[in-house]
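> the following comprises the amino acid sequence and a computationally predicted model.
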Amino acid sequence: MPTSGYRPPFAPHGPYATQSPPAPPPKPPKPPKRPKERSALGPVTFSLIFLALGLVAVLDLLDVFNVGASAYFAAALAVIGLGLLVGTWFGRARWLIALGLVTASALAVATVAESYDRFRGVDGAVTWAPASYQDLATRYENSFGDAVLDLRSVDFAGHNTEITVSVNFGAGTVVVPPNVDVTAVADVNAGDATVFGQHQPGPIGGSREFTDLGPDGAGGGTLRLFVHINAGSLVVTR
């Protein structure tokens with residue numbers, strides 16, 4: 001046995017051994033999170049969407065504007081955008097993002113469909129006769145053949161309207177109501193034109209403007225016609 005130096009204890013776990021520190025008490029459980037309060041932004045925005053659609057419908061019924069399907073989707077999208085903007089400060093309504101994407105897609109489809117409806121191109125002899133202001137297109141085009149645009153059933157009172165008529169090869173005739181104030185811009189490359197009784201034989205040579213207020217004078221709405229004839233004849237009359 002060694003006479004000096006370290007000697008291990010005879011009873012390392014006896015009463016004189018070094019005591020280990022007591023185990024720390026268990027941590028108390030975390031309190032449950034308070035449930036988030038439901039934001040009122042979503043229901044309020046949804047209600048405003050219906051209010052905006054109702055307002056557009058009233059304007060459509062009163063014939064204040066020429067309202068199409070795109071106007072309804074645009075009104076709904078504007079309200080959704082306003083709701084998302086308010087949501088950056090007050091409340092949360094993340095489902096408005098999905099609703100906004102769907103509405104934007106519908107607006108794009110409706111806009112494209114209406115643009116095709118306003119650009120009415122055909123081949124062969126054709127007569128356009130819109131029955132009301134709502135049926136009116138902003139552009140009429142015919143490639144080959146005579147074309148007649150009969151506007152006598154359209155009430156232009158209270159409206160400021162622009163219409164373009166284009167005929168590539170053929171005769172173009174536009175008949176307007178008796179009371180609407182008309183300014184016709186005629187452009188005939190090869191042919192002649194008769195606009196409100198004023199005859200222009202041969203090519204006009206650039207566009208010329210004709211104004212006719214009708215037998216009643218000023219009033220009854222305004223109509224600005226842009227008529228282009230590539231090769232053929234043009235007649236604008238009442």
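In hand now; what should we look at?

> can you show me the helices along the chain?
41-61, 69-87, 95-118 (DSSP state H).

> nearest residue to Val175 in space, please, no chain neighbours.
Asp150 (4.9 Å; Cβ to Cβ, 6 or more residues apart in numbering). Any C-beta I mention is one placed from the backbone N, CA and C, and that applies to glycine too.

> quick one, what contacts the one you found?
Asp150 makes contacts with 127-129, 175, as judged by Cβ atoms under 8 Å, 6 or more residues apart in numbering.

> in the chain, where is pLDDT below threshold?
Confidence mapping of the chain against pLDDT under 70 gives the ranges 1-22, 34-39, 63-68, 91-93, 112-123, 202-206.

> let's see 80
Across the chain, the ranges flagged by pLDDT under 80 are 1-42, 59-70, 87-96, 107, 109-124, 200-207.

> what ranges do the strands span in it?
Remark: strands assigned in the chain by DSSP state E are 119-122, 126-128, 139-144, 147-150, 160-169, 172-175, 181-195, 198-200, 208-212, 222-237.

> which among those is found nearest to Phe90?
strand 160-169 (41.3 Å; Cβ to Cβ).

> partners of the closest one, with directions?
Counting by DSSP bridges, the strands paired with strand 160-169 are strand 139-144 (parallel), strand 222-237 (parallel).

> among these, which comes closest to Gly170?
That would be strand 222-237 among those, by Cβ to Cβ, at 4.8 Å.

> pick the most buried one from the helices of the chain.
Most buried of the helices of the chain, by mean neighbour count (mean count of other Cβ atoms under 10 Å): helix 69-87, with a mean of 18.

> by contact count, what packs against that one?
Applying 3 or more Cβ pairs under 8 Å, 6 or more residues apart in numbering; DSSP states H and E, one finds that helix 69-87 makes contact with helix 41-61, helix 95-118.

> what's the first one packed up against?
Applying 3+ Cβ pairs under 8 Å, 6+ apart, one finds that helix 41-61 makes contact with helix 69-87, helix 95-118.

> Lys33 is nearest to which of the strands of the chain?
strand 119-122 (58.2 Å).

> just the CA trace of stretch 131-149, in PDB.
Output of stretch 131-149 as PDB, limited to C-alpha atoms (Å, rounded to 0.1, in the frame of the first residue of the first chain):
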ATOM      1  CA  ALA A 131     -81.800  48.600 -81.300                       C
ATOM      2  CA  SER A 132     -80.700  50.800 -78.400                       C
ATOM      3  CA  TYR A 133     -77.800  52.700 -77.000                       C
ATOM      4  CA  GLN A 134     -76.700  49.600 -75.000                       C
ATOM      5  CA  ASP A 135     -76.400  47.600 -78.200                       C
ATOM      6  CA  LEU A 136     -74.100  50.200 -79.800                       C
ATOM      7  CA  ALA A 137     -70.500  49.200 -80.500                       C
ATOM      8  CA  THR A 138     -67.600  51.700 -80.700                       C
ATOM      9  CA  ARG A 139     -66.200  50.200 -84.000                       C
ATOM     10  CA  TYR A 140     -67.700  48.600 -87.000                       C
ATOM     11  CA  GLU A 141     -65.500  47.100 -89.800                       C
ATOM     12  CA  ASN A 142     -66.100  45.300 -93.100                       C
ATOM     13  CA  SER A 143     -63.300  44.000 -95.200                       C
ATOM     14  CA  PHE A 144     -65.100  43.200 -98.500                       C
ATOM     15  CA  GLY A 145     -68.600  44.200 -99.400                       C
ATOM     16  CA  ASP A 146     -71.100  47.000 -98.800                       C
ATOM     17  CA  ALA A 147     -71.800  47.900 -95.200                       C
ATOM     18  CA  VAL A 148     -74.800  49.900 -93.700                       C
ATOM     19  CA  LEU A 149     -74.800  51.300 -90.200                       C
END
